[in-house]
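Student: Predicted model, plus sequence, below.
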Amino acid sequence: MVVYDNQTRSLLQTDQQYPSISSQRGVQANPDGSYDIYFGPKAPEGKESNWIQTIPGKSWNVILRFYGPLKPWFDQTWRPSDIELIKFTTITTTSMVLSTSPSGPRGLPSTTKAPATWTTSSGSP
């Protein structure tokens, strides 16, 4: 997952080396196998490995890349959920929750029609 600057159409320039999250760089799965990805100026406490930094007042967009997606992606029995605004006590950030099975290779589920999982708006998931 990569964050791009809407104005320049290039990677969003932040303090992070790359404005992205990758399965090859230690993103942490939830106990149920889904992934919460956070976007915001500061990482939620304890969620730094699943956070992409954004700049306040700067518009951006997200591209979700799959390398070698499997049948559930092509037949549309699985899709990522929408980005959802959540508020923490000290910061406001957005979260994208991807409902995937822990046994699904390349981030795709091994079962079909995985329901969207939503992060609560009262605090850290």
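Tutor: Good, I have the coordinates. Residues are numbered from 1 along each chain as shown.

Student: which element is the closest residue to Trp78 other than its chain neighbours on?
Tutor: In this structure, Trp78 finds its nearest non-sequential neighbour in Pro72, 4.0 Å apart by Cβ to Cβ, 6 or more residues apart in numbering. Backbone N, C-alpha and C define where each C-beta goes, glycine included. Secondary structure assigned from DSSP states H and E places Pro72 in helix 71-74.

Student: May I see the buried residues of that helix?
Tutor: Under the neighbour-count criterion of 16 or more other Cβ atoms under 10 Å, helix 71-74 has Pro72, Trp73 buried.

Student: for it, what is the average pLDDT?
Tutor: Helix 71-74 comes out with an average pLDDT of 90.

Student: For it, list the C-alpha coordinates in CSV.
Tutor: Once side chains and other backbone atoms are set aside, the C-alpha atoms of helix 71-74 remain, and they are given as CSV (Å, rounded to 0.1, in the frame of the first residue of the first chain):
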residue,chain,number,x,y,z
LYS,A,71,-8.7,-16.0,-7.9
PRO,A,72,-10.7,-14.3,-5.1
TRP,A,73,-9.4,-11.0,-6.2
PHE,A,74,-10.3,-11.6,-9.9
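
Student: what stretches of this protein score poorly on pLDDT?
Tutor: Counting by pLDDT under 70, the chain has low-confidence residues at 88-125.

Student: how does it look with 50?
Tutor: Low-confidence segments of the chain (pLDDT under 50): 96-125.

Student: can you give me the strands in it?
Tutor: For the chain, applying DSSP state E gives strands covering 2-5, 35-40, 51-53, 60-63, 83-87, 92-98.
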